[in-house]
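In: With the sequence up front, the predicted model follows.
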Amino acid sequence: MRRRTLAPELTDSSAQPPARRAANHGRARAVAAVAFLSTGLSVGMTSYGFGAFVEPLEREFGWSRAQINAGFSIGFVTALAAPPAGALIDRMGPRKVMFASLLIMSAGMLLRAHMTELWHWYALSALVALGLTGSAMLPAGKLVGIWFPKTRGRVMGTVASGNNLGGAIVVPLATWLIALSGWEMVFTVFGVALAALSVLVVIVVRDRPTDAVVPPAPSAAAGGAISVRAALKMPVFYLLAGGLTASAFTHPLMVTQLQPHFENEGLSRGLAAALLTVSALTSLSSKIVMGWLSERITARNATIISLLTVSCGIGLLIIAGGSWAVWPAVLVFGLGLGGFGALRSLVVQEAFGIRAFGGIMGAFNLMTILPIASGPLIAGFTFDATGGYAMAFGTAIAIFLIGAAFLAAAGKVGARLPGIDAEAGAR
């Protein structure tokens, strides 16, 4: 028997005429492809690509690593904007929110090419972060939940793998273009690409299949979808939030610092970019595997596995330094890192349903203010104080282990709720 979840299904597509079913199937694949691209470019340009600009900006303006990393910390705007963005997605649909968000990101990138002062860097980082809120996994999670209710784990894993493919492409491309034409040109290219993607969203994306609706949410007691207000009153919400917030430290505290870390260990800029590309590609396959695994052992349990794996990878990175052992360390790190992008949305849908997903996911994302704001600062200040990243990476291990404990506790508390993923054993 398959486990019960709280997510409501769309109306049965088998009742539709064959031509309508075929059209919806084709549209579903197109929607998933655009969500894949939007997630990949948005995260690739803001998170994976961040490290490529650290040394050029340091050289150009004389800013310290802590000052540059503070620009990423300003990404807490993403978390602040998440609840209203999630509510807008539930009310207006993901399509309009994605379109506007990509245009905002595009404007921020284009203006970055002309910045001359530190406050410009901070202001434009806030603008880019605002756009990122509605261009990546928040709308993608809603779209996948609506268009693929029966295979959302696998499809979410595939869509979220856009993060890593974007990173695998953006990092070497940005590194090469910076060496060839300067950092200003790279920000211009980023801005133009995001503007083009916003047009594709308008052309391709539809908020739901033709003639399909998300049914009214029954009561939680009946196993139906849960409202934002009801979710906020549940202890399991805060346990899940603790685990998911811990997982959100991966990018601000780890991914953005990997290229500077490798270069600091004596590796060339090109080799550092290659290592980050390997990590991104490994993470890509991990997302697909973890999405599939979430349909069998629950997304919560799959997230615990990811947290433990990424902790092992970080430990190996600390030990490896600049030696050959950095290659297997990057592989293990990538395997652990990959699942988070897909699993965050799946954990929420698994526990609380799809109807109010945007609002509930926005509430979860609000709590990522902590990792977004503190992660880069931890890395920057510890580097300035010690000349290396070992202390920052050790802090990340502790955070991830605490997050795994929160998720394990959520399973025990959630067992008392109808349909929560702790009932995986009822399959």
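Out: Alright, I've got the coordinates. Numbering: from 1, shown residues only.
In: neighbours around Gly157, how many?
Out: A count of nearby residues for Gly157, using other CB atoms under 10 Å, gives 29. Where you see a C-beta, it was placed from the backbone N, CA and C, and this is true even at glycine.
In: Identify the residues contacting the closest residue to it other than its chain neighbours.
Out: With CB to CB, 6 or more residues apart in numbering as the criterion, Gly157 has its nearest non-adjacent residue at 2.0 Å, and that residue is Gly291. Going by CB atoms under 8 Å, 6 or more residues apart in numbering, Gly291 touches Gly153, Arg154, Val155, Met156, Gly157, Thr158, Ala160, Gly339, Ala342, Leu343, Leu346.
In: which sections of the stretch 1-150 of the chain are below the confidence cut-off?
Out: 1-23 (pLDDT under 70).
In: Could you dump the contacts of Gly291 into JSON lines and include distance to Ala82?
Out: As requested, these are exported to JSON lines (distance: CB to CB, whole Å):
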{"residue": "Gly153", "distance to Ala82": "23"}
{"residue": "Arg154", "distance to Ala82": "25"}
{"residue": "Val155", "distance to Ala82": "22"}
{"residue": "Met156", "distance to Ala82": "18"}
{"residue": "Gly157", "distance to Ala82": "22"}
{"residue": "Thr158", "distance to Ala82": "23"}
{"residue": "Ala160", "distance to Ala82": "17"}
{"residue": "Gly339", "distance to Ala82": "21"}
{"residue": "Ala342", "distance to Ala82": "18"}
{"residue": "Leu343", "distance to Ala82": "17"}
{"residue": "Leu346", "distance to Ala82": "17"}
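In: hmm, which two among those are most spread apart?
Out: Maximum pairwise distance in those, criterion CB to CB, is 14.6 Å, between Val155 and Gly339.
In: residues of stretch 146-153 that come out buried?
Out: By 16 or more other CB atoms under 10 Å, the buried positions in stretch 146-153 come out as Ile146, Trp147, Phe148, Pro149, Arg152, Gly153.
In: Now for the closest residue to the first one other than its chain neighbours, how many residues are close by?
Out: By the measure of CB to CB, 6+ apart, the closest residue to Ile146 outside its immediate chain neighbours is Arg208, 5.1 Å from it. Other residues within reach of Arg208 by the criterion other CB under 10 Å amount to 20.
In: For Arg208, pull up the helix or strand it's in.
Out: Assigned by DSSP states H and E, Arg208 belongs to no helix or strand.
In: Tell me the spacing between it and Gly86.
Out: Arg208 is 17 Å from Gly86, where distance means CB to CB, to the nearest Å.
In: Could you measure from the residue nearest to Leu103 when sequence neighbours are not counted over to Val34?
Out: Once flanking residues are discounted, Leu103 sits nearest to Ser198: 5.1 Å by CB to CB, 6+ apart. For Ser198, the distance to Val34 (CB to CB) stands at 10 Å.
In: just Leu110 next, same as before
Out: 22 Å.
In: Tell me which of those two has more neighbours.
Out: More neighbours surround Val34 than the other of Leu110 and Val34, with 21 against 18 (other CB under 10 Å).
In: Does that one lie in a helix or a strand, and which?
Out: The secondary structure element spanning Val34 is helix 18-43 (assigned by DSSP H and E).
In: Who are the packing partners of that helix?
Out: Helices and strands touching helix 18-43, as assessed by 3 or more CB pairs under 8 Å, 6 or more residues apart in numbering; DSSP states H and E, comprise helix 94-112, helix 118-133, helix 137-147, helix 152-160, helix 162-181, helix 183-204.
In: how distant is the second one from the center of its chain?
Out: Taking CA atoms, centre = their mean, to the nearest Å, the mean C-alpha location of helix 118-133 is offset from the chain mean by 18 Å.
In: that older thread, which of the helices and strands packed on helix 18-43 sits closest to Val326?
Out: Closest to Val326 of those, according to CB to CB: helix 162-181, at 15.8 Å.
In: by contact count, what packs against that closest one?
Out: helix 18-43, helix 50-61, helix 183-204, helix 269-297.
In: what residue is smack in the middle of this protein?
Out: In the chain, the residue lying closest to the centroid (CA atoms, centre = their mean) is Gly341, at 4.2 Å.
In: number of nearby residues for Gly26?
Out: With other CB under 10 Å as criterion, Gly26 counts 10.
In: List the buried residues in the helix holding Val34.
Out: For helix 18-43, the neighbour count (16+ other CB under 10 Å) marks 24, 27-28, 30-43 as buried.
In: Ends of stretch 294-304, what's the gap?
Out: End-to-end distance of stretch 294-304 (CA to CA, to the nearest Å): 11 Å.
In: average pLDDT across it?
Out: Stretch 294-304 comes out with an average pLDDT of 92.
In: let's have the chain start at 37 instead
Out: Done: numbering now begins at 37, and the last item shifts to stretch 330-340.
In: Run the chain-centre distance for that stretch.
Out: Its chain's C-alpha centre and that of stretch 330-340 lie 17 Å apart, by CA atoms, centre = their mean.
In: ok, residues contacting it?
Out: 39, 187, 189-190, 192-193, 276, 279-280, 283, 326, 329, 375-376, 378-380, 382-383, 386-387, 440, 443-444, 446-447, 450, 457-458, 460.
In: So what's the predicted local confidence for Gly455?
Out: 44.
In: was I right about Arg380 contacting Met173?
Out: Yes. With contact defined as CB atoms under 8 Å, Arg380 reaches Met173; the gap is 6.8 Å.
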